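give me the fold of what follows.
(2 chains)
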Amino acid sequence: MFGNRKLAGLTIFLLITAMILAGCPAPTPVVIEVEKEVIVEKTVIETVVVEKEVAVEVVVTATPVVGPQKGGTLVIGLSADIATLDPADYRETTTETVLRNMFDGLVTRTSDGRVLLELAESATLVDETTWEFVLKKGVTFHNGEALTAEDVKFTFDRIISDNGIDYPEPHTSPRKGLISPLESVEIVDDYTVRLHLSAPFPVAMQMLVHQQIVPKDYFEEVGNEGFVKAPVGCGPFKFVEGSLSEQIVMERFDDYYGGADELPPVGPPPLDRVIFKILPEASTRVAALRTGEVNIIQKVPAHMIPLLATDPNVRLVSGPSTRPAWMEMNVNKPPFDDLRVRLAMNYAVDADTILETVLGGLGIVIPGSLSPYNNFADPTLEPYGYDADKALEMLAEAGWTDSDGDGFLDKEGEKFAFVVDVRPANKDRAEAVAGQLQELGIDASVRVWGDYSVLKPLMLDGERTAYVGDWGDSAFDPVGHFEAKWHSRVEGTGNGRGNFSGYSNPRVDELIEAGEVEPDVEKRHELYDEAQQIVYEAVPAVFLFLPDIVEACTVNTQKWTVAADGRLNMHDVWLSP
Amino acid sequence: MRAIKVLERVLAVIPIMFGVAIVVFLFMRLTPGDPVDIMMGGGGYVSEGEIENLRREFNLDKPLHVQLYIFLSHAIRGDLGNSYVKRAPVTELIAERLPATIELALGALIFGLVVATPIGIISAVKQYSALDRVSMAGAFLGISMPAFWLGILLMLIFSVRLRWLPVAGRIDYDAGLQTVTGLYVLDSILTGNKAALISSLRHLVLPSVSLGAAMAATVARILRSSMLEVLRQDYVMLARAKGLVEFLVVAKHALRNALIPTVTVVGLQVGVLLGGNMIVETVFGWPGLGRLVVQAIFARDFPLVQGAVMVYAFTFVTANLIVDVLYTYLNPKITL
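Numbers count the residues shown, from 1 in each chain, chains lettered A, B, ... in the order given. Take a look at the predicted model:
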């Protein structure tokens, strides 16, 4: 009997110890996010200047650093699976993030969005529809094969031809849409290619960033399936082994030509090995970072920022994202069919406070629908700003007052109540918005939809009232963003495919369509400024903020910065001892 | 006789699988959400005709019965189609993930049984003792604790604080394991790689405990209550009266009879372990089938979901069959 008691005591003791050791963590709901921000650029007429300018290096480090140390294995905790190892056969960002460490393109993009030459030595616009690229000489693929014009042609032919991809069954590359005007590739000589377009296509450079070159001879030797299983590129790291669901291991390619000339240091990467490990659960990524099992993690959730900020072994790294956030309101349904009510909402919500409390201040408040970092954002727009009295005044004007004294506004006997829809990832924001509206006597409640694909068609059909969400503009251009959100919805096209407020204005449609084909940058600015102005005044949404991308790394990770488009470029990164 | 009955049951699996295939096919298509639209994502431009092209490629432009016919006629030949998102044959994707799921389920099963069996027996033999009360309270806790919470708790204690075990993954890269079966622990033994064995076992501990805790609790409670019932039977009294040592009474006469309901529960739990582990797989970055299916469901990757659900159905049916066959050994009075 005594023994049993002792055991019981021991069990309880162990349980309590466990709780204390664990620091009684708050249970974290497992949010399985299927987030696919597709970086897609469109045929937009715009002049792209490939600047020959030296990147400013910002070395963020705790200790004085002498220079890059060679060697070491760096592990990255990715938030989602990788779709494939074929650079022509996917349509989401995580895969691109990984593959671009193995494959290089004709051009590349810096973490702040500038386009630079990579495999190309020069790029010339021969005429309106022809680009000529001269390739760098002496570039070799991981198998020793030299890069020539043949490889470039082969790469693009696979992407643009119908059923150009053979594995697992013949189909057309999902990346064809990224360079839809490309008609053919002509080999001028061993190191010169011409890209022939069906129409003027000045954003070719921004678009070509997303196309990586594969070696023709190797590909033809091993076939499509063989290539997917053992990919060969000419990027800074070569594929060693790995599975798409677990981890991808790459090693330094010693014969690397060095990458973009304007992005020093030019040469093989310092790291011996890079491992991309898939850790979909945020708490796991954070735990793995704290133990040093991984060196860099993607997508640090806002509520874990304070925890990481106090860890001396961890450094938080953040920078502007490309996903502005709003609360969209259904403009075709009461109560938001009244412009005064929508305006009142913009005064009633204090975006600054939400940004501060929910996102730890990491981000900026935005005045309109475009990110301020978008190349065509109208700088004259100002956020409406929080003004509760003005909000109540406007609501009263629209007929909403607390006539029965129950603490909630009402109109014609009906209480001002509505549901804010949200995806699990943005739940905290939505609750903060609803909480602020509650204080003003608006009975806003939040409904979290675990499966966005169920909610989305309902919103597009105008069956929902309000939605706290975001939309990406990773091309830093209104195209891909503005027409999706504010153009009238046209089924089966990109126009209005994310228009959840049901907003429709013929003038805005006109301006958007004109902006997509306008070659003159100045005129394009005018078109988009007017469109933004109209949307700003029509307030189909409460414009909230542009949250930062928050990533974190171990303190010994050097030369690591957050890229606005979420890319994880390991070329220059090194580990200090 | 038994062999014929077993064969009958095995053959019955075929119509069941057929039914499952049709049901999952229809359910996926009845669920709101369009795979092509999801593929296009939240942000970025969609070029002219791109959506229609993809719909055509996936046969989504054809009437439902034609799609069903295409699916079934291929499935009969063992071709479950290609994943929309992963661009690879579904059978290959499942085969790649299945070993990880099986290894984790086995780990959880072994943990569950090793913990539950002695607790169940001793609690029954020493009913109302302190040990009984503590272990039943523990079992209650085990059932109530969500696996992801337990997983994160264990991770914080044993990985972050104590640094005894790794946070996530299946094996260290530098262990240099050559895969044979895909079950890393087994492969390590087969290839005689000691470093890989240690590494894979270390990675397996926390996920197994998280996944197996609920099962251990369930089994311990069932075993205890059936043991209690059996211990009151006349034949147990007779065994004691014969002067058998208590250990033999419990182990030989009581336990064997108490095992029948327990085996049923374990059999069902095996299905749960194989099919219900997406949460634990997500928490521990375990590259198994559960995680793949969850992603596939959210992406409306129809072929992949269909294939995976068929694998699950097959597992459940097989587990039940094995349980039924086991019954006949445990109690010869039961026939199939």
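
any idea which element residue A:542 lies in?
For residue A:542, the host element (DSSP states H and E) is strand A:541-554.

gap between that strand and the chain center?
Offset of strand A:541-554 from its chain centre (C-alpha atoms, centre = their mean, to the nearest Å): 11 Å.

export it as PDB, just CAs?
The C-alpha coordinates for strand A:541-554 follow below in PDB (Å, rounded to 0.1, in the frame of the first residue of the first chain):
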ATOM      1  CA  ALA A 541     -13.400  48.200 -47.500                       C
ATOM      2  CA  VAL A 542     -12.000  49.300 -44.200                       C
ATOM      3  CA  PHE A 543      -8.300  49.800 -45.200                       C
ATOM      4  CA  LEU A 544      -6.200  48.400 -42.500                       C
ATOM      5  CA  PHE A 545      -2.500  47.800 -42.800                       C
ATOM      6  CA  LEU A 546       0.400  46.200 -44.700                       C
ATOM      7  CA  PRO A 547       1.800  43.600 -42.200                       C
ATOM      8  CA  ASP A 548       5.500  42.800 -42.200                       C
ATOM      9  CA  ILE A 549       6.900  39.400 -43.200                       C
ATOM     10  CA  VAL A 550       8.400  38.100 -39.900                       C
ATOM     11  CA  GLU A 551      11.100  35.500 -40.100                       C
ATOM     12  CA  ALA A 552      13.700  34.600 -37.600                       C
ATOM     13  CA  CYS A 553      17.200  33.100 -37.500                       C
ATOM     14  CA  THR A 554      19.800  32.000 -35.100                       C
END
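
check which element follows it along the chain.
Sequence-wise, the next helix or strand downstream of strand A:541-554 (DSSP H and E) is strand A:557-558.

can you name the next helix or strand after that next one?
Next helix or strand after strand A:557-558 toward the C-terminus (DSSP H and E): strand A:574-575.

other SSEs contacting that next one?
Under the contact criterion of 3 or more C-beta pairs under 8 Å, 6 or more residues apart in numbering or on different chains; DSSP states H and E, strand A:574-575 touches strand A:557-558. Where C-beta positions appear, they are placed from N, C-alpha and C, glycine not excepted.

before we move on, the earlier item: partners of the strand holding residue A:542 in the sheet?
Counting by DSSP bridges, the strands paired with strand A:541-554 are strand A:296-297 (antiparallel), strand A:314-320 (antiparallel), strand A:325-329 (antiparallel), strand A:363-365 (antiparallel).

pLDDT weak spots in the chain?
Because you didn't say which chain, this covers chain A. When residues are selected by pLDDT under 70, those of chain A lie in A:1-66, A:202, A:474.

oops, I was thinking of chain B
Across chain B, the ranges flagged by pLDDT under 70 are B:1, B:42-48, B:276, B:336.

run the last query once more with 80
For chain B, the stretches with pLDDT under 80 are B:1-2, B:39-50, B:271, B:275-276, B:329-336.

quick one, strands of it?
With DSSP state E, there are no strands along chain B.

same thing with the stretch 101-250 of chain A?
Ranges of strands in the stretch 101-250 of chain A, per DSSP state E, counting those that start in this stretch, are A:107-109, A:115-117, A:120-127, A:130-135, A:182-189, A:192-197, A:237-243, A:247-252.

what would those look like in JSON lines with distance to chain B and mean neighbour count?
Formatted as JSON lines, the strands of the stretch 101-250 of chain A follow (distance: least, C-beta to the nearest C-beta, whole Å; neighbours: other C-beta atoms under 10 Å in any protein chain shown):
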{"stretch": "strand A:107-109", "distance to chain B": "15", "mean neighbour count": "25"}
{"stretch": "strand A:115-117", "distance to chain B": "17", "mean neighbour count": "21"}
{"stretch": "strand A:120-127", "distance to chain B": "22", "mean neighbour count": "15"}
{"stretch": "strand A:130-135", "distance to chain B": "19", "mean neighbour count": "20"}
{"stretch": "strand A:182-189", "distance to chain B": "12", "mean neighbour count": "14"}
{"stretch": "strand A:192-197", "distance to chain B": "14", "mean neighbour count": "20"}
{"stretch": "strand A:237-243", "distance to chain B": "6", "mean neighbour count": "19"}
{"stretch": "strand A:247-252", "distance to chain B": "6", "mean neighbour count": "22"}
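
looking at those strands, which is closest to residue B:257?
Counting by C-beta to C-beta, residue B:257 lies closest to strand A:237-243 out of these; the figure is 46.0 Å.

before we move on, back to that, mean neighbour count added to the strands paired with strand A:541-554, as TSV?
Output for the strands paired with strand A:541-554, formatted as TSV (neighbours: other C-beta atoms under 10 Å in any protein chain shown):
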stretch	mean neighbour count
strand A:296-297	26
strand A:314-320	18
strand A:325-329	26
strand A:363-365	20
